[in-house]
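Asker: here you go, sequence then predicted model.
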Amino acid sequence: MKAALARVGGHALFRRSQPSLNKRSTVIKSRFYSSAKNDKPVLITTPIYYVNGPPHIGHLYSTLLADALARWFRLTGHQVKFTTGTDEHGMKIQETADKHKISVQKWCDDISQCFKALYSKAGIQYDDYVRTTEDRHKKAVAKLWNILHDGGYIYEGKFEGWYSVSDETFLTPHQVMDVTDPTTGVTNKVSMESGHKVTWLTEPNYMFKMSEFREKLLDWIAKEHPIHPAGRKDEIVADLERGLRDLSVSRIREKIPWGIPVPTDPSHVIYVWLDALTNYLTVTGFPDSPDWKQLWPADYHIVGKDIIKFHTIYWPSFLMAAGLPLPKKVIAHAHWTMNKEKMSKSKGNVVDPHELLDQYGVDPVRYYLLRESWISHDGDFSYENVNARLIAELADTLGNLFTRCAAPALNPTEGKWPTFRKPTEEQLQLAKSLEGLPEQVDALYRECEFGRAIVLIFDNLRAINKHFAVEEPWKLVPKKAAGLSAAELESRVERLETIVYLALEAVRISCSLLLPVMPSTMLKVVQHLELPSSHLNP
């Protein structure tokens, strides 16, 4: 590992001083740049994370996806509001704090600060951080409850069924199964989705008429295509086609005092998912700010695949009942495994995100996580793979091409950008591929497909690297004593400039496109190439 780190960290790409060349053209082509000041800001949200423990690599990955997406939209001239935060109510939080012999509020404060510290360390630039224990959030939740209640969508009832404390969710009989512990021989009911134990619960509470929204939800999914990747849609449609039951949206306060009281009946507290999901309205300034409607609806809810049901069934049902617009996209990304196994503390195969950042540095970690895990399938973590990716791609592909093509010896035009002169058919094809790259990457980034976009960028870089090695431009550098005629010297210069031009353009375009992924490193490169600062992420 140390050898790999030395090779990547010591590379010119990661050092402070690199050769500088003048460049007149823009970073991102103008067709991506939005200068309209009155456009609706792009609202990008992560889940608010449950504070039952410190953040893990999955939390970091979700938030990195949102951060990179927000950076891309800012880079292309859009106004952005990127929000994250912590979910701090519920039975599990109360039990965890009691177990650690600490007040519940102190536990929430400490764990929430752990999330903030990780984001700062990972270069994550959120615009708002919401906690469900904040007064502004409690006010938003109470307002939404009153809208639903006054609209006739909440009624007094009784819940009887399976409940998972770990997931803070109610389950139907077809969502649970029997599992026998091989060690004790004891058989328990567990959630089929999460594997967590469930208990039978019977208690009076308030119910939300979610069953009324089945057809509307199916229509929304069919017409608006909000679920990404598209494959996740099938499981939600299947759930809806089995039918929807009304949803319990409160718990008795005597049993769970740590929650937001029901405004119409303080003997109950509001169910944690109605509480938590409302954070997406809280960050807009709902209900008091006169500007909240300028931010809503959310353009992107970025969530893990394990909580897609709450964001594509529960949440849009609440919004429909309240008469509010629905989110435009729900990106439900895959998870991380280690050596093809689910990460868990009991297996000892978890990755500490702080240790990972300490070992490799911020930008290499950002690159690896965004490159390796595509949203449609789980990313498999291994330190061997981290090292291999960083060496083969950052050091040997991008880093070496940058070092070689920016070398003063290969730039006879005294620091000016070389010109594309009398290209061959192969060189024209390489240039055409580079010209189309920003549009392809833009489309993938907007779907949060950072892994696929990065692969595309490096496919182009490898093609340019191969061309550079085959053409051997160092043999074309003009020499006074070469005994060549003026025409021969000019021909050499033309060939040299065209080769170097393609390489520099590949570096320029690739580094510009990678700014949301590795902001610090790529910013250094584009600054040394003297690209216009007006197009760079602030």
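Answerer: That came through fine. Numbering: from 1, shown residues only.

Asker: using CSV, write out every CA atom in stretch 285-292.
Answerer: C-alpha atoms of stretch 285-292 as CSV (Å, rounded to 0.1, in the frame of the first residue of the first chain):
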residue,chain,number,x,y,z
GLY,A,285,-38.0,27.4,4.3
PHE,A,286,-41.5,25.8,4.5
PRO,A,287,-43.9,26.9,5.8
ASP,A,288,-42.8,30.4,6.8
SER,A,289,-40.4,31.6,4.2
PRO,A,290,-42.2,33.4,1.3
ASP,A,291,-39.5,31.9,-1.1
TRP,A,292,-39.9,28.2,-0.3
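
Asker: run the chain-centre distance for that stretch.
Answerer: 26 Å (CA atoms, centre = their mean, to the nearest Å).

Asker: who's in contact with that stretch?
Answerer: 139-140, 143, 281, 284, 295-296 (CB atoms under 8 Å, 6 or more residues apart in numbering). Where you see a C-beta, it was placed from the backbone N, CA and C, and this is true even at glycine.

Asker: which one of those residues sits in the busiest neighbourhood?
Answerer: For those, neighbours were counted using other CB atoms under 10 Å, and A140 has the most, 27 neighbours in all.

Asker: so it touches L277, yeah?
Answerer: No - the pair A140 / L277 is not scored as a contact, 10.7 Å apart, by CB atoms under 8 Å.

Asker: wait, T521 sits on D363?
Answerer: Yes - the pair T521 / D363 is scored as a contact, 4.5 Å apart, by CB under 8 Å.

Asker: in stretch 407-427, what's buried?
Answerer: 410-412, 417-418, 423, 427 (16 or more other CB atoms under 10 Å).

Asker: make a markdown table out of the residues you listed and add distance to D234 and secondary structure.
Answerer: Converted to a markdown table, the buried residues of stretch 407-427 look like this (distance: CB to CB, whole Å; DSSP: H, G, I helix; E, B strand; the rest coil):
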| residue | distance to D234 | secondary structure |
| --- | --- | --- |
| L410 | 53 | helix |
| N411 | 54 | coil |
| P412 | 59 | coil |
| W417 | 50 | coil |
| P418 | 51 | coil |
| P423 | 47 | coil |
| Q427 | 45 | helix |
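
Asker: just the closest of those residues to Y271, please.
Answerer: Ranked by distance to Y271 (CB to CB), the buried residues of stretch 407-427 are led by W417 at 60.3 Å.

Asker: which residue ranges of the stretch 401-538 of the chain form helices?
Answerer: Shown for the stretch 401-538 of the chain, the helices assigned by DSSP state H, counting those that start in this stretch span residues 425-445, 450-471, 486-513, 519-528.

Asker: against which helices or strands is the first one packed?
Answerer: Under the contact criterion of 3 or more CB pairs under 8 Å, 6 or more residues apart in numbering; DSSP states H and E, helix 425-445 touches helix 57-75, helix 450-471, helix 486-513.

Asker: and the next element down the chain from the first one?
Answerer: Going down the chain from helix 57-75, the next helix or strand is strand 80-87, by DSSP states H and E.

Asker: distance between that next one and the chain's centre?
Answerer: 12 Å.

Asker: what's the answer for stretch 40-47, then?
Answerer: 11 Å.

Asker: and the spatially most central residue of the chain, what is it in contact with?
Answerer: Geometric centre of the chain, nearest residue: L65, 1.3 Å, by CA atoms, centre = their mean. Residues in contact with L65 (CB under 8 Å, 6+ apart) are 46, 302, 331, 333, 370, 375, 448, 450.

Asker: just the ones of those residues in strands?
Answerer: 46, 302, 331, 333 (DSSP state E).

Asker: the third one against S376, yeah?
Answerer: No - with the criterion set as CB under 8 Å, I331 and S376 do not qualify as a contacting pair; they are 10.7 Å apart.

Asker: pretty sure L496 sits against A407.
Answerer: No - with contact defined as CB under 8 Å, L496 does not count as touching A407 (11.9 Å).

Asker: what sits in contact with each of the two?
Answerer: Joint contacts of L496 and A407 (CB under 8 Å, 6+ apart) do not exist.

Asker: quick one: the strands in the stretch 301-450 of the chain?
Answerer: 330-333, 336-338, 341-342, 379-381 (DSSP state E, counting those that start in this stretch).

Asker: which neighbours does the longest one have in its sheet, and in what orientation?
Answerer: Pointing back at strand 330-333 there. The strands beside strand 330-333 in its sheet (DSSP bridges) come out as strand 227-228 (parallel), strand 300-304 (parallel).

Asker: those strands: which one's closest to K92?
Answerer: strand 300-304 (17.2 Å).

Asker: check which helix or strand the spatially closest residue to G195 that is not a sequence neighbour maps to.
Answerer: Excluding its sequence neighbours, the residue lying closest to G195 (CB to CB, 6 or more residues apart in numbering) is V179, at 7.6 Å. Assigned by DSSP H and E, V179 falls within strand 176-180.

Asker: and that strand, what other elements does it pack with?
Answerer: Right, strand 176-180 is packed against strand 187-191 by 3+ CB pairs under 8 Å, 6+ apart.

Asker: bridging residues for the closest residue to G58 other than its chain neighbours?
Answerer: Once flanking residues are discounted, G58 sits nearest to W336: 5.8 Å by CB to CB, 6+ apart. Per DSSP bridges, the residues bridged to W336 are G379.

Asker: hmm, W336 is touching Y61, no?
Answerer: Yes - contact criterion CB under 8 Å: W336 and Y61 qualify, at 6.4 Å.
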